[in-house]
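S.K.: return atomic coordinates for the entry below.
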Amino acid sequence: MHPIQKTARLAGLLYLLMAPFGIFGIMYVPSTLIVPGDAAATANNIMASESLFRLGIVSALIVQLIQILVVLVLYKLLRPVNKNLAVLMVIFILVGVPIAMLSELCRFAVLLLLSGTDYLAAFTADQLYAQVMQFLDLREYGINIAGIFWGLWLFPMGYLVFKSGYLPRILGILLMIGCFGYLIESVSFLLFAKFDVSISLYTFWGEVLFPLWLLIKGVNVEQWEECAIKSA
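M.R.: The predicted model follows:
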């Protein structure tokens, strides 16, 4: 197998690997344990399922670590098309990852508040529960800030795929559409937190089909080599 085909398949595998960790840590655990508008019920759920809550944090962090690997492998794959845009793609991810990882500190803060440590005796139960919800809300804001960069990196990547000649153009178009889905959703949340704009549920298909294509079909090796020669 040509080395670039191995690179393509590795990129596809890593990209798809983010999905189960992301669904579990970023979506499933919060939706299972957090009861909107009910601080006491949320706190009790977290205390009763602390291991699940911690697994959710770790899973969310693993997603970010994998994302770094993904973008570095994709850089190697797409650099021949346009090095500057490939670098921009990497920069967007390397900005978004630390924001997302630092946002998980808010969930660790929740665990500290519910730990029963002696110095927390100064707070009533209701005060602790209110702070729990405050940190969970703060984490959601952090994730939506990171979501801006999760969207931005898709545009240069989609454009590179579209212009490459060794990958289907439709995949590039879908990735660029996905960019605007994340941006609209994140910016809407930051401006109007009470309105739920879940547009990314309809614009994420590029992030499914693209890694599947890489994993199953790979790239057109001859056209990749031709592109690489021209960019050298």
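
S.K.: least trustworthy helix or strand in the protein by mean pLDDT?
M.R.: Least confident element among the helices and strands of the chain, by mean pLDDT, DSSP states H and E: helix 200-203 (a mean of 84).

S.K.: which strands or helices does the helix or strand encompassing residue 181 pack on?
M.R.: Per DSSP states H and E, residue 181 falls inside helix 169-191. If contacts are counted by 3 or more CB pairs under 8 Å, 6 or more residues apart in numbering; DSSP states H and E, helix 169-191 sits against helix 125-152, helix 154-164, helix 200-203, helix 206-216. To be clear about C-beta, it is placed using only N, CA and C from the backbone, and glycine gets the same treatment.

S.K.: re the thing from before, other SSEs contacting the least confident helix or strand of the chain?
M.R.: Contact partners of helix 200-203 among helices and strands, from 3+ CB pairs under 8 Å, 6+ apart: helix 169-191.

S.K.: and the helix it packs on, how far out from the chain middle?
M.R.: How far helix 169-191 lies from its chain's middle: 13 Å, per CA atoms, centre = their mean, to the nearest Å.

S.K.: what residue in this protein is the furthest from its centre?
M.R.: residue 122 (37.5 Å; CA atoms, centre = their mean).

S.K.: kindly provide the distance from the residue most central in space within the chain to residue 97.
M.R.: Residue closest to the mean C-alpha point of the chain, counted by CA atoms, centre = their mean, is residue 150 at 5.9 Å. Using CB to CB, to the nearest Å, we find residue 150 at a distance of 10 Å from residue 97.

S.K.: ditto for residue 1
M.R.: With CB to CB as the criterion, residue 1 and residue 97 are 30 Å apart.

S.K.: low-scoring stretches of this protein, by residue?
M.R.: Within the chain, no stretch has pLDDT under 70.
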